[in-house]
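Undergrad: here is a sequence together with a model predicted from it:
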Protein chains: 6
Amino acid sequence: MTHLIEYQDASPEIRAVYDDIMATRKTDYINNLWKALANHPPTLRKTWEHVKSIMGEPGLIDPLTRELIYIAVSVTNNCQYCIGTHSAAARDKGMTDAMFGELLAIVGLANETNRLANGYNVPLDDRYR
Amino acid sequence: MTHLIEYQDASPEIRAVYDDIMATRKTDYINNLWKALANHPPTLRKTWEHVKSIMGEPGLIDPLTRELIYIAVSVTNNCQYCIGTHSAAARDKGMTDAMFGELLAIVGLANETNRLANGYNVPLDDRYR
Amino acid sequence: MTHLIEYQDASPEIRAVYDDIMATRKTDYINNLWKALANHPPTLRKTWEHVKSIMGEPGLIDPLTRELIYIAVSVTNNCQYCIGTHSAAARDKGMTDAMFGELLAIVGLANETNRLANGYNVPLDDRYR
Amino acid sequence: MTHLIEYQDASPEIRAVYDDIMATRKTDYINNLWKALANHPPTLRKTWEHVKSIMGEPGLIDPLTRELIYIAVSVTNNCQYCIGTHSAAARDKGMTDAMFGELLAIVGLANETNRLANGYNVPLDDRYR
Amino acid sequence: MTHLIEYQDASPEIRAVYDDIMATRKTDYINNLWKALANHPPTLRKTWEHVKSIMGEPGLIDPLTRELIYIAVSVTNNCQYCIGTHSAAARDKGMTDAMFGELLAIVGLANETNRLANGYNVPLDDRYR
Amino acid sequence: MTHLIEYQDASPEIRAVYDDIMATRKTDYINNLWKALANHPPTLRKTWEHVKSIMGEPGLIDPLTRELIYIAVSVTNNCQYCIGTHSAAARDKGMTDAMFGELLAIVGLANETNRLANGYNVPLDDRYR
């Protein structure tokens, strides 16, 4: 198992990222992912900046929908850590049990029909090109 | 390439599904996927009923968000047919170029962080269990 | 596109593999995959020996079922070349259109339920451990 | 971990599905997957009907082969729950240790050759189009 | 097909990224990927900065090895665009046909053994924890 | 969980492979993967011969780089067993924590850009064909 680097054991470079995470998310908790990435500070910093930019900046897709999209990918890839943390984030933003059930139904269906389309090697209809 | 079965060449069993697709979607166009699945009528019927039920029934996730989730899975799996047809459906429901760009940014990010979490084998935080 | 190495242009090392493929499969045709792998003769030789051993040796799973399993994986991974060539091989061994339709229905379903199980992170029942 | 809904705690809507599962499968045991899906009754019902139809109806592919195909997909996707439950189902239908070993050898091989074909971007032979 | 935005048709925001790509890579050519991402300028900018940082900064893994790793992932995911462009980049950095053949052999093998390990659900040896 | 076959319980056929693994790797330890594959001796033997040939023979790609490529695939596929054992092998060959961090950053990035390229369906530039 990966060594998780706690705040009190972190270098100033790592602490600067931890501080920004806590300030941005208005929390005093650092998720284990960041504590694992801290084993390689440049990856910690670049990943956090990328996540902060894509998930946190204002945009046309609302915060809850962003989380649903994130979970859809994570379920498809079977990333249990990502499903767990982003389900919690989605619940904070309003996802209910019933919405999660609907989400999984859609994710399952898309994974099914993806294979039907690929299996039959269906050519894209001219009108959608 | 898969043989596509057109309406005029279809058996009554297939036509019944085609008719329901056109009535449900208020269109006179049948996507190539259905014309390919018609090579095995039971799969055509079961798949359509499943899609109609999950994508078409009233629910807590709105129709545009359902399409965004569907595209997220299809991009992750590289199903070009599915990306093409559901991008068209999403545009019909209001997706703009900028929303598509945001969607892909989130899908790309989730695929990246999924691997960082799996690569470090990060344990799920107790608070999210 | 990959350069395909034809028999007449092949080195003796490559020809030896081509000859074995044709003798084993009782054909005078070499699939494009082998002509592509011939760009790196050791990979050509090792891959052929591996395929010949696993797909060709007598075993408990019959030849048609082996092809169905092979197609199931290839559809899941979206390898169009593999779906195309192994569908042909399966048809040679008795697969009908209806069987292919059933196969894809099962492959699609498994891809769907895989995500439902992963999405809910269902613990394996004690009785199946 | 997902909350599993037991029969005694289930609503009539959920019990109706549980009853049908037990009657169809001639057992008094409900797998954890269904108890997890019961958190969203419509997904429970739709998924069960879909599974029942595709895996249970008479067809051209025999029940054991259906399970082997199912396992092939689940191994490719790394769905441990699905591998565990369907390996048990396959053993009930006659799969031996040796057959499972052969199955995995084929699944592994297909995953390997899928990448060789995609990596070299091999064009499909005209004769297989 | 995605609309590709050429330099002469690009906004100042897009041109700034194109200019940085050309200056960083010491070329006057812009790959199609960037011309596609330019349909959503924020994704163009963020993606380029991320790629530039991870692939371009000095590090412990040499530039050719970085490309081999990139190709390994792209072959596993079947991203033909990525295989094509990064194979060209790898060749610029010294990859020969024989090295590409060895690379694919390793990628294929890893995809095979990944499934054998997952299929048998092999527990990690204590000594590697 | 899979039954692991120890040396003292192994048949002569299995012992012959175990002996070759230990002699080739200059160790007296057999990884759990081999003890699991021993449940089907032909798969054990074929897999070992394949691994030995591709990972062990002299080639143009050095042993450490081979391991990095192997890990890149295993992280993409989320094979925790493979990540664990090959990370240990890579460390034996010189991989440091910082190199592992760089490796994961590249693997994550490639998984991200793969989806951007596939999502926009970017056509391969003529110059790379």
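TA: Ah, there it is.
Undergrad: CA only for contacts and neighbour counts going forward, please
TA: Will do.
Undergrad: what's near enough to touch A:L44?
TA: A:I14, A:V17, A:W34, A:L37, A:A38 (Cα atoms under 8 Å, 6 or more residues apart in numbering or on different chains).
Undergrad: so who does the residue nearest in space to the middle of chain A touch?
TA: In chain A, the centroid-proximal residue (Cα atoms, centre = their mean) is A:Y70; its distance is 4.7 Å. Contacts for A:Y70 (Cα under 8 Å, 6+ apart) come out as A:H86, B:I106, B:V107, B:A110.
Undergrad: which of the residues you listed sits closest to D:D126?
TA: Proximity of the contacts of A:Y70 to D:D126 was ranked by Cα to Cα; the top entry is B:V107 with 35.8 Å.
Undergrad: read off the pLDDT value for the closest one.
TA: B:V107 carries a pLDDT score of 98 in this model.
Undergrad: which other helices and strands does the helix ranked longest in chain A contact?
TA: Counting residues, the longest helix found in chain A (DSSP state H) is helix A:97-119. Packing contacts for helix A:97-119, counted by 3 or more Cα pairs under 8 Å, 6 or more residues apart in numbering or on different chains; DSSP states H and E, involve helix A:63-77, helix B:41-56, helix B:63-77, helix B:80-92, helix C:63-77, helix C:97-119, helix D:41-56.
Undergrad: try 6 Å
TA: In this structure, helix A:97-119 packs against helix C:97-119, with contacts taken as 3 or more Cα pairs under 6 Å, 6 or more residues apart in numbering or on different chains; DSSP states H and E.
Undergrad: rewinding a little: closest one to chain E out of the contacts of A:Y70, please.
TA: Using Cα to the nearest Cα, B:I106 comes nearest to chain E of these, at 9.7 Å.
Undergrad: might you report the residue contacts of that closest one?
TA: The contact partners of B:I106, taken as Cα atoms under 6 Å, 6 or more residues apart in numbering or on different chains, number zero.
Undergrad: so where's chain A uncertain?
TA: By pLDDT under 70, the low-scoring segments of chain A are A:1.
Undergrad: show me what from it comes close to chain B.
TA: Contacts of chain A with chain B, taken as Cα under 6 Å from any Cα of the partner chain, map to A:T2, A:L60, A:I69, A:Y70, A:V73, A:C79, A:Y81, A:M99, A:A110, A:N114, A:Y120, A:L124.
Undergrad: can you tell me the closest non-neighbouring residue to the fifth one?
TA: The spatially closest residue to A:V73, leaving aside those adjacent along the chain, is B:V73, at 5.9 Å (Cα to Cα, 6 or more residues apart in numbering or on different chains).
Undergrad: that neighbour: neighbouring residues, count only.
TA: Using other Cα atoms under 10 Å in any protein chain shown, B:V73 has 31 neighbouring residues.
Undergrad: cool, the one 5 residues further on as well?
TA: B:N78: 25 surrounding residues under other Cα under 10 Å.
Undergrad: cool, A:L64 as well?
TA: Using other Cα under 10 Å, A:L64 is surrounded by 16 other residues.
Undergrad: from chain C, how far off is it?
TA: A:L64 sits 18 Å away from chain C, going by Cα to the nearest Cα, to the nearest Å.
Undergrad: relative to D:G59, how far out is the nearest residue to A:H40 once chain neighbours are set aside?
TA: Closest residue to A:H40 apart from its sequence neighbours, by Cα to Cα, 6+ apart: F:G101 at 5.2 Å. For F:G101, the distance to D:G59 (Cα to Cα, to the nearest Å) stands at 51 Å.
Undergrad: which one's more surrounded, these two?
TA: Neighbours per residue (other Cα under 10 Å) separate F:G101 from D:G59, with F:G101 holding more: 24 against 12.
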